[in-house]
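Novice: sequence? don't have it. structure:
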């Protein structure tokens, strides 16, 4: 398994014997396992303990697995979901996959297929966490820039020459170069190419934040 | 048929007498009595034929009646098969659940045995669970097979609550899939009735499936079915199945239990007529009405078996709660 600490698989199934059997299998495969008797049980007790995924039954008393997936999709820190359904309903499977499920498996499932799906889901979660950490890091670095440095950063990465920037800001080229050096230092960028990559990452982070803020506002309005 | 034979017989006797009158033959004892003898023989033969015909008719009637009974049993069996067929997904789920657990357990055990040191205690626990799940799956199959088998009506003592709970357990996955909640209340635990368990299960199954159909297009919070058994009058138990759907249109109420009356596009219109015939065979009656607070209400009664006072009833609990 990749990573140092074992991933945690959250098994949600209303059938006790299925739950116990899945937990045993996943433990034997080297995962940490938490079990829950229903979607409500999970929502009440779950807290982020590190990389992992959710192995989710579809038909349960109370909120269904699909309901839980929909609720989790609203959260930034939601875990990837692998469905393990009691019956193969094509429409249900397509819906779940469209909503972002890693896989939609039908009971009784081959252990090999199950473990492949779980590994894929855990891998997706690790990647997501790495990306989140990277974004957080870039934002934190950006926050340390002064107003002038931000301006220079924006113009430099937009491909403008030092001379043009200096003219715009009403300073000399040397000052602009000094600002650029500071920016690179604060972003821990080793080359100008790094800086351009960081700029595009920053743009996409800001765009997603903007989009999520907009959907949040929209959901408040409705 | 026998009337025709009788008429022929009379006609023959009459013609013989006529023939005798008009005969102008020498008077030897044979020629004198010839016609009487022939007439008597013909009469005896005709009477024999008449008796045979009557006997044949009686046998045919008995056979037809038996055929009718058989046909009714056949019809009930067909309807039961149809309803069990509708529950296909539910039954598959109930069997798949333990099978899935068995597969995962077996693979987990294999992995555990490969590890060093092997965790034998856990493997032992797994084996015991595998056995339990195997029994659980075979129990479902046995239950469904009893329901689908063709059979004659029998009369035994039945624990009504256990019977109802068995059916509710069978439909539970289907109800969950349809987003329907089923609540059951048994105000008379341990109550026993006399009758045929499979046929009574069919009645309940029919009413509950109908109720679920009635809830197909209602908001989720309204999708509720209440099953209630009460012993309002001594010597009788009433089972009521109520849904919170749109109710039954007034114009349909009088014809609801008629054969071939159906409001469903896929229905044959036999379910409720079979329900009524089963309940009446058990000495009870069934009514359908709209609940004042909305939804359809089906109630049926069956006579109970007197329980000896020393035989304390053992309240049955659903197996899933006990597990």
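Specialist: Looks like it arrived, so ask away. No experiment lies behind these values; they were computed from the predicted model shown.

Novice: Quick test: name the residue nearest the centre of chain B.
Specialist: For chain B, the residue sitting closest to the mean C-alpha position, by Cα atoms, centre = their mean, is residue B:199 at 3.2 Å.

Novice: Just the pLDDT at that one, thanks.
Specialist: Confidence at residue B:199, expressed as pLDDT, is 87.

Novice: That one touches residue B:155, doesn't it?
Specialist: No. Proximity of residue B:199 to residue B:155 does not meet the contact threshold set by Cβ atoms under 8 Å, at 10.3 Å. From N, CA and C alone the C-beta is placed, and that goes for glycine too.

Novice: For residue 201, what is the enclosing helix or strand?
Specialist: All of this refers to chain A. Secondary structure here is read from DSSP states H and E; on that basis residue A:201 sits in helix A:192-221.

Novice: hm, I was asking about chain B
Specialist: Secondary structure here is read from DSSP H and E; on that basis residue B:201 sits in helix B:197-214.

Novice: Does that helix pack against any helices or strands, and if so which?
Specialist: helix B:29-86, helix B:120-148, strand B:156-159, helix B:160-178, strand B:224-230, strand B:236-243, helix B:271-281, strand B:296-303 (3 or more Cβ pairs under 8 Å, 6 or more residues apart in numbering or on different chains; DSSP states H and E).

Novice: So for the second one, mean pLDDT?
Specialist: In this case it means helix B:120-148. Across helix B:120-148, pLDDT averages out at 90.

Novice: buried stuff in that helix?
Specialist: Under the neighbour-count criterion of 16 or more other Cβ atoms under 10 Å in any protein chain shown, helix B:120-148 has B:123, B:126, B:129-130, B:133, B:136-137, B:140, B:143-144, B:147 buried.

Novice: Can you pull the phi/psi pair for residue B:105?
Specialist: phi -60, psi -40 (degrees, to the nearest 10).

Novice: Do I have it right that it meets residue B:133?
Specialist: Yes. With contact defined as Cβ under 8 Å, residue B:105 reaches residue B:133; the gap is 7.5 Å.

Novice: Pull up the overlap in contacts between these two.
Specialist: Counting by Cβ atoms under 8 Å, 6 or more residues apart in numbering or on different chains, no residue touches both residue B:105 and residue B:133.

Novice: can you list contacts of stretch A:188-195?
Specialist: With contacts defined as Cβ under 8 Å, 6+ apart, stretch A:188-195 is touched by A:141, A:153, A:156-157, A:183-184, A:187, A:198.

Novice: in the chain, what spans have low per-residue confidence?
Specialist: No chain specified, so I'll use chain A. In the prediction, chain A carries residues with pLDDT under 70 at positions A:1-4, A:212-222.

Novice: Switch to chain B, please.
Specialist: B:1-27, B:68-69, B:71-72, B:259-260, B:263, B:265-269, B:307-323.

Novice: residues in it within reach of chain A, list them.
Specialist: Contacts of chain B with chain A, taken as Cβ under 8 Å from any Cβ of the partner chain, map to B:89, B:92-93, B:96-105, B:107-108, B:111-112, B:115, B:122, B:126, B:129, B:132-133, B:136, B:173, B:176-177, B:323.

Novice: PyMOL command to pick out the buried ones of these?
Specialist: Isolation of the buried members of these (16+ other Cβ under 10 Å) is achieved in PyMOL through the command below:
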select buried, chain B and resi 92+93+96+97+98+99+100+101+102+103+104+105+107+108+111+112+126+129+133+136+173+176+177
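
Novice: mind checking how far the spatially most central residue of chain A is from residue A:122?
Specialist: Ranked by distance to the mean C-alpha position of chain A (Cα atoms, centre = their mean), the top residue is residue A:128 at 3.5 Å. Computed as Cβ to Cβ, to the nearest Å, the residue A:128 to residue A:122 distance reads 11 Å.
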